[in-house]
Each structure stands twice: as C-alpha cells, then as structure tokens.
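>>> Structure for this input, please:
(one chain, ligands or ions: 1)
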Amino acid sequence: MNSCSPTGTLVPLPMRQPYEYVRQELREPDWRRFPGWKHVTEAQWRDAQWQRVSCVKNVRQLRAVMGDLLTERFYDDLAADQARLATMSMLVPPQMINTMVPENTGSPEEFTAAFYADPIRRYMIPVASDRDQAWPSHPHSARDSLHEAEMWVVEGLTHRYPTKVLAELLSTCPQYCGHCTRMDLVGNSTPQVDKHKLALKPVDRQDQMIDYLKRTPGVRDVVVSGGDVANVPWRQLESFLMRLLDIDTVRDIRLATKALAGLPQHWIQPTVIEGMERVARTARRRGVNLAIHTHVNHVQSVTPLVAEAARAMLEVGVRDVRNQGVLMRGVNADPKALLDLCFALQGEASILPYYFYMCDMIPNAEHWRVAVWEAQELQHAIMGYLPGYATPRIVCDVPYVGKRWVHQLAEYDRELGISYWTKNYRTGIELADPDALERRYSYYDPITTLPETGQRWWQRNNSP
Ligand code: SF4
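Predicted coordinates for the structure are as follows:
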C-alpha cells in the first residue's frame, strides 16, 4: 500500500502487524451496575467472606443479581443445561460475575446477547444452547479423563511423572468452572454426574501423603491442589506446607488456586498474607522454590484486585505467580484473546503466562475443545510478541502420558482427528510395563472440526 507524501512522491505505508500491542490499564468494573448489588459497598466487595456468601449457585440467585437485565430465554437455557448437561454445579463468586459484560449495554435483549457472547460467562455459566448439538461428548471422552485417581499412591496423591506429584487436599473450590477436568471428584453432584468422594479425613489423607513423600525421595516437586487450596482452612494449609518443607528432598512446591483470579479477596486477607510470609520465609531458608499457579482464561478477569493479590504474594516472598489457562473455543481460542490476556498478566499483574492447556476430553465439553492443529496454529501465532520466558506453551495433556507441547505429536490422522503421542517415562502404574515407552497414546479432535469424510466415519462407527 502507498500514500502520497507532501512532496507528491509515493511512500510505502508500513504494514500492520497481525497483533498490535497497546498497553491497557487494569480496571475493576463497577458492580453497582447489577440491580442486586446496587448498594454493595467497597468494603463489602473487598471482604472475602461477603464474596463467598454472595456466590451465585442457581438460577434463582442469578435472577436476584441480574433482575430484568436478562431475558427469560437465558434463564430457561441455563435451567435446561443444569438439568441435562452440566458436569459441574454452579458456584460463581461476585468477583467473577462482575467481569462479565463489563459495560452494561442497552435493552434486556441487547444485554442478554452480550451476556451470551461473554467469554467468562461461556465457561463459568454454560447454557444448553452453547453445547455441541450433534456431538456434545466425544465417544472417547471420560470422567477422570487423565486417569488421575488410577495413579493415586495414597488417596488424593497422583504420581504420574517420575519426579512430581499432585496432592489433592480437598474436592471443593470457591468457584466451579464448567470445563473442570476433575469433574469426577470436584464440586457437588449434578443430575448428570454423581461425584466421587474422598473417603479419608483430611488430616489422615495429609499424613499419608507426607509419609509417601518421606519414603519416596525421588519425588522433588509437589503441586498442592484440589479443588483449590483457597478452600483449605489457612492453619491446616500452613501446617501441611510446613511439613512438606521439612522433607529435605522436596525442592519445589506449587500451590494451585484459581481463586487468585476468581476470589482475589481471599489472598489479600491479613491472615493469609501473614501466613504465606511465614511459609515463604521457611521456603527461602531451605532453598525451596515456592510458587503459586493460578488459572485465568481471559483478559477481562485481570482486574486491579487480581494484580493486588498476586503482588501481595510476591511481596511476602513467593518466588513466582504463574498462569495455567485452558484453551477454549468461544473464550480465548484466537491469537488476540491469548495475547491480550498474556500482556495483561505479564505487564500489569506480575503473573507469568506459563501454560495453556487444551481442554480435556471430559463429557459434554466438545463445544469448548479445539483440534490439535488449531492449537498448533495458535502457538505459532503468539510467538515473538511476549518476552521469551513469558511466552506460554500450549500443551495437550494426553491420557496416560502427561503434558506434551502441541507440536510434539508423533503422527496425526487429520481425517479422523486422531493424534498419536509417545512418552519418555513411565507413570506410576506402568513401572513394570516393558511396552509403556514403545506404545503410542491417542488424543482425539472434536468431531465437528473434521472434514466431511471423517465426520461420516465417526457417525458410522460411533453414533453420538
Ligand atoms: S478452580 Fe480448578 S479444580 Fe476448581 S472447578 Fe475450576 S478448574 Fe476445577
């Protein structure tokens, strides 16, 4: 393209970049725009307890907040989803609702349309019409699709990678995400999913975890998760972390909490900040890397309160706050959405963009999932904009394998949407399996992303 200079000569206009970075300041949307929170004060809003008791758990409570902003069509759609399709019960803190449709717009019809399209709404408050109507579930989808419970060495302690374990301390969170990969265990049962229950008392489960780690010195890295550690009473969590820090062979501890973004009010409570300071001081003294891993999927979630919570943790000595988002169609599966989010995390909230996981193959998740080739294209599209250390990897968590970068597949049948993956270590259940490292492990693209011939094959061989 050319333009005319003042002297009349043609000069080439610079080409635009596929993504144009523009710094955006974080902003807390005004919650008083919702009829149900018209009189909620700033002090109430910053109060973790107020946030917890004011969570929206059902259609009636959503109606109490939104009033006439939403039309009946949305409430009916939500009720239909809860009755027939939802794998997670509803639990949405006000903080998260306030990030949906940050500017109220127009008539109830216009607001409802904006609410339907909202990226946070799409994964926190799924409705029946969102779901893939032809293939709501992939034929190979499964509860506990990552087989974590199969790899428990004691209840709640998954030993999948050689040097790392995942400690599930509890099965609840302050918020329930529609796409939760632990839908088998986490949250309350829904009409579709009768949840498994942890059987041991928390204190006995924690004792058994600590015992296992003491007698397994090859494990050096513990992801302390759940559910969400923000739901573990602070004294109990601190005591567990201090016991972990007493084990010489544990060198990395990572706390998993979506609440840092979903309920940042939890992480700025004095009890939590002071307690975390004690834990971080001990970790530093013993040379252990203590980090927080959170789960943010869209730039709208990154508000000043989220940045405040992350910085509070860094200031007391947590080494890093990192983000592990989930890649989802309709939420963030395009380069601009991913880069906007990463720049807000990295530049404005001191949270390191770390991973985006492909959405796991759980039931009724096909409308969120993207194909591996789409994930590869997204990885390509986001390279080169962020600092290298803050450029997130998009990973596929392959059943019985673990995380693989999306370009690492061994073979890919694009027609049937089946990718094949290999691995270089045995999971805890394959220690005596001579073929584990020779085998190929499959992952499946959503059927609606396949060419006609592939879709017909699945129809012939696996009716939905
Ligand atoms: S916060 Fe994590 S564990 Fe809890 S519902 Fe969401 S995805 Fe699942």
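>>> List, one by one, the residues from this protein near the ligand.
C173, Q175, Y176, C177, C180, R182, V186, G227, D228, K258, H295 (CB under 6 Å from any ligand atom). Heads up, the C-betas are built off the backbone N, CA and C, glycines and all.
>>> For the stretch 201-350 of the chain, which segments are assigned as strands?
221-225, 252-256, 289-294, 320-327 (DSSP state E, counting those that start in this stretch).
>>> picking up where we left off before, max pairwise distance over the residues of the chain next to the ligand: which two?
Q175 and R182 (13.5 Å; CB to CB).
>>> Please go through the chain and pick out the longest helix.
helix 270-285 (DSSP state H).
>>> chain center to that one, what's the gap?
25 Å (CA atoms, centre = their mean, to the nearest Å).
>>> One more: stretch 34-51?
That offset, for stretch 34-51, works out to 25 Å (CA atoms, centre = their mean).
>>> ends of that stretch, how far apart?
Start and end residues of stretch 34-51 are separated by 15 Å (CA to CA, to the nearest Å).
>>> tally of neighbours for the residue of the stretch 1-150 of the chain found nearest the ligand?
Closest to the ligand within the stretch 1-150 of the chain is M88: 6.2 Å, counting by CB to the nearest ligand atom. M88 is flanked by 27 other residues according to other CB atoms under 10 Å.
>>> Hmm, it is touching T190, no?
Yes: the pair M88 / T190 is scored as a contact, 6.8 Å apart, by CB atoms under 8 Å.
>>> Chain neighbours aside, what residue packs nearest to the residue of the stretch 1-150 of the chain closest to the ligand?
Counting by CB to CB, 6 or more residues apart in numbering, Y176 is the residue found nearest to M88 once chain neighbours are left out, at 4.5 Å.
>>> just V127 next, same as before
D77 (3.9 Å).
>>> Do you know the pLDDT at the one you found?
What the model reports for D77 is a pLDDT of 98.
>>> Now do the end-to-end distance for stretch 332-350.
Termini of stretch 332-350 sit 20 Å apart (CA to CA).
>>> how far is that stretch from where the chain is centred?
Centre to centre, stretch against its chain (CA atoms, centre = their mean), the figure for stretch 332-350 is 14 Å.
>>> go on, stretch 423-431?
With CA atoms, centre = their mean, you get 25 Å for stretch 423-431.
>>> Find the helix or strand that W50 is a member of.
Using DSSP states H and E, W50 falls within helix 48-53.
>>> Next, the buried residues of that helix.
Neighbour counts over helix 48-53 (16 or more other CB atoms under 10 Å) mark A48, W50, Q51, R52 as buried.
>>> related to what we said a few turns ago, can you list the strands of the stretch 201-350 of the chain in TSV and add mean neighbour count and mean pLDDT?
Below are those laid out as TSV (neighbours: other CB atoms under 10 Å; pLDDT from 0 to 100):
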stretch	mean neighbour count	mean pLDDT
strand 221-225	20	98
strand 252-256	21	98
strand 289-294	22	98
strand 320-327	23	98
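>>> Just put the ones you listed in TSV and tack on distance to M96.
Listed next are the strands of the stretch 201-350 of the chain as TSV, based on distance: least, CB to CB, whole Å:
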stretch	distance to M96
strand 221-225	19
strand 252-256	17
strand 289-294	13
strand 320-327	15
